[in-house]
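**Student:** task: produce atomic coordinates for the following.
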Amino acid sequence: MRVGRASFSGENSWHSPLCLVSRFPRETSIAMRLLQRYILIELIRTFGFLLTVLTVLLVFVGVIREASESGLGPMQIVQILPFIIPSLLPFTIPATLLLAVCVVYGRVAADHEVTAAKSAGISVMSLLFPAFLLGGVMSICSMWLTDQVIPWAVGNIQQTIAMALEDILIDRLRASHQVNDRDRGFSITVMEVRGKTLIQPCFRLAREGRGNVTIQAETATLEFDLDRQEVILHMERANVDIPGERQGYFEQEDMPFPLPNSVPPTKPRHLSISEIRGNLEDLRVEFHDRRHRQDAEMAMALLVNNPERLWQDDMQDFEYRDNVDRTLAAKLDTEIYSRMAMSMSCLVFVLLGSPFAIIQARRQFLTSFMMCFFPILVGYYPLMLLMMNQSKAGVLNPMWAMWIPNLVAMVFAVLVLRRVRMY
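**Tutor:** Numbers count the residues shown, from 1 in each chain. Got it, this is the predicted structure:
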């Protein structure tokens with residue numbers, strides 16, 4: 001067995017671990033450890049290669065999508081490229097790991113090494129242990145990626161996009177001295193641009209039914225707020241005309257207006273679990289406070305014998321906001337448990353794929369992979385999506401609903417493992 005490109009055929013000066021067993025029965029444990037080490041190395045090597053190839057292919061798709069949505073240039077694309085990779089790994093790791101175990105265990109079984117190991121007294125479960133170990137480690141890594149790395153990566157992507165939008169907006173003002181956005185109803189004209197400072201800007205914002213806002217200033221700077229999807233114009237020594245609100249001269253004036261190019265807002269899947277739990281706690285506190293106010297309003301209406309007060313719009317608004325908060329809380333809860341369940345799919349796929357590859361030893365590894373992955377594709381993921389939608393709608397409790405697909409896959413994995421151990 002040669003290091004690096006080893007095979008269990010006992011070629012060259014290296015002896016197969018199974019040869020040690022046949023010559024020295026007491027060396028069974030040593031041979032088993034050598035087999036496990038060899039299989040683990042082959043799994044890591046195959047998994048790393050396949051993961052690299054698949055991730056590189058998907059990265060270009062992610063970059064193209066991000067660039068088309070945000071209008072990024074080549075330099076911005078290069079900047080966000082390292083941050084797109086972590087967001088793809090939780091989706092590529094399970095399928096790549098399944099393909100890796102099909103390749104390695106299919107080749108081992110096709111060379112009759114599993115049969116030889118069993119005849120030498122080595123359990124099949126010992127041969128499968130490296131795959132189970134790798135699957136468990138990848139499940140932990142996937143959970144870490146979704147909880148910590150992806151929120152960090154998304155934050156950097158949004159920051160890069162915001163900086164790109166700022167540069168694009170300032171470059172447009174520097175080149176043409178004006179920016180008009182008819183869809184959002186605002187326009188900015190400047191005398192000139194020095195660095196990132198606007199000289200003698202004039203800002204106009206059209207407000208439907210409330211009159212147009214006009215502000216003229218000596219200097220101004222721009223600040224991008226991604227959370228609110230706004231650009232804040234900080235103006236100094238400004239003449240302000242906001243019909244119905246304020247007019248006159250002000251030393252400083254801040255005026256928000258919509259982003260010229262919208263940046264996607266932060267979604268629950270882009271938050272860490274600790275941040276999600278913090279949002280849930282805020283929702284619960286707000287829900288209880290609103291419930292106390294509603295009870296007080298109802299008690300006051302009954303006390304003054306004014307039952308019509310119960311049907312006014314502000315009382316009905318309590319129920320509407322409660323439903324909105326319940327829906328949001330259900331989505332946040334589902335996000336937490338769906339991450340755990342999807343991360344555990346790495347181990348589940350290994351438990352199912354590695355013994356299945358041994359059973360299908362005489363087939364090509366791609367055939368074994370497709371025979372194993374196709375039921376997962378049409379059964380596991382649709383069931384996971386169904387549980388996710390039902391949990392977000394508040395119909396099912398995500399604490400147990402999100403684990404149903406994994407439990408179903410585990411049942412089939414146990415059946416396949418039982419067959420491998422028996423035969």
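**Student:** just the element for residue 36, please.
**Tutor:** Residue 36 belongs to helix 28-70 when elements are defined using DSSP states H and E.
**Student:** I should have written residue 207 there, sorry.
**Tutor:** Here residue 207 is covered by no helix or strand, with elements defined by DSSP H and E.
**Student:** low-confidence ranges, the stretch 1-150 of the chain, go.
**Tutor:** Scanning the stretch 1-150 of the chain for pLDDT under 70 picks out 1-31, 61-74.
**Student:** can you give me the buried ones in the helix or strand residue 75 falls within?
**Tutor:** Under the criterion DSSP H and E, the helix or strand holding residue 75 is helix 74-110. Counting neighbours by 16 or more other Cβ atoms under 10 Å, one finds that the buried residues in helix 74-110 are 76-77, 79-80, 83-90, 92-110. The C-beta positions use only the backbone N, C-alpha and C, and glycine is treated the same way.
**Student:** could you pull up the mean pLDDT of the lengthiest helix in the chain?
**Tutor:** Criterion DSSP state H: the longest helix present in the chain is helix 313-359. Across helix 313-359, the average pLDDT comes to 83.
**Student:** tilt between the helix or strand following that helix and helix 313-359?
**Tutor:** Remark: after helix 313-359, the chain's next helix or strand is helix 365-375, criterion DSSP H and E. For helix 365-375 against helix 313-359, the angle by axes from the mean of the first three to the mean of the last three Cα atoms, to 10 degrees is 150 degrees.
**Student:** the helix or strand following helix 365-375 - what's its average pLDDT?
**Tutor:** Next in sequence after helix 365-375, counting helices and strands by DSSP H and E, comes helix 381-392. When the per-residue pLDDT values of helix 381-392 are averaged, the result is 92.
**Student:** what about residue 86, distance to residue 271?
**Tutor:** Noted for residue 86: a distance of 15 Å to residue 271, by Cβ to Cβ, to the nearest Å.
**Student:** equivalent analysis for residue 190, please.
**Tutor:** Using Cβ to Cβ, we find residue 190 at a distance of 37 Å from residue 271.
**Student:** cool, and residue 395?
**Tutor:** When Cβ to Cβ is the yardstick, residue 395 and residue 271 sit 23 Å from each other.
**Student:** neighbour count winner among the two?
**Tutor:** Neighbours of residue 395 and residue 271, each counted by other Cβ atoms under 10 Å, are more numerous for residue 271; the result is 21 against 11.
**Student:** residues contacting that one?
**Tutor:** Contact analysis of residue 271 by Cβ atoms under 8 Å, 6 or more residues apart in numbering lists 151, 279, 335.
**Student:** ok, the first one touching residue 273?
**Tutor:** Same thing as residue 151. No: contact criterion Cβ atoms under 8 Å: residue 151 and residue 273 do not qualify, at 9.5 Å.
**Student:** so where do the helices sit in the stretch 151-300 of the chain?
**Tutor:** Shown for the stretch 151-300 of the chain, the helices assigned by DSSP state H, counting those that start in this stretch span residues 273-303.
**Student:** tell me where it is predicted with low confidence.
**Tutor:** 183-184, 208-210, 226-227, 229, 258-266, 294-295, 297-298, 300.
**Student:** circling back to that earlier point, and the helix holding residue 75 with helix 381-392, angle?
**Tutor:** Using the same axes, to 10 degrees: helix 74-110 against helix 381-392 is 130 degrees.
**Student:** helix or strand right after helix 74-110?
**Tutor:** Under the assignment DSSP H and E, the closest C-terminal helix or strand after helix 74-110 is helix 113-119.
**Student:** what packs against that next one?
**Tutor:** With contacts defined as 3 or more Cβ pairs under 8 Å, 6 or more residues apart in numbering; DSSP states H and E, the secondary structure elements packing on helix 113-119 are helix 17-23, helix 124-144.
**Student:** if you set the cut-off to 10 Å instead, what comes out?
**Tutor:** Here helix 113-119 is seen to pack against helix 17-23, helix 28-70, helix 74-110, helix 124-144, helix 404-422 when contacts are counted using 3 or more Cβ pairs under 10 Å, 6 or more residues apart in numbering; DSSP states H and E.
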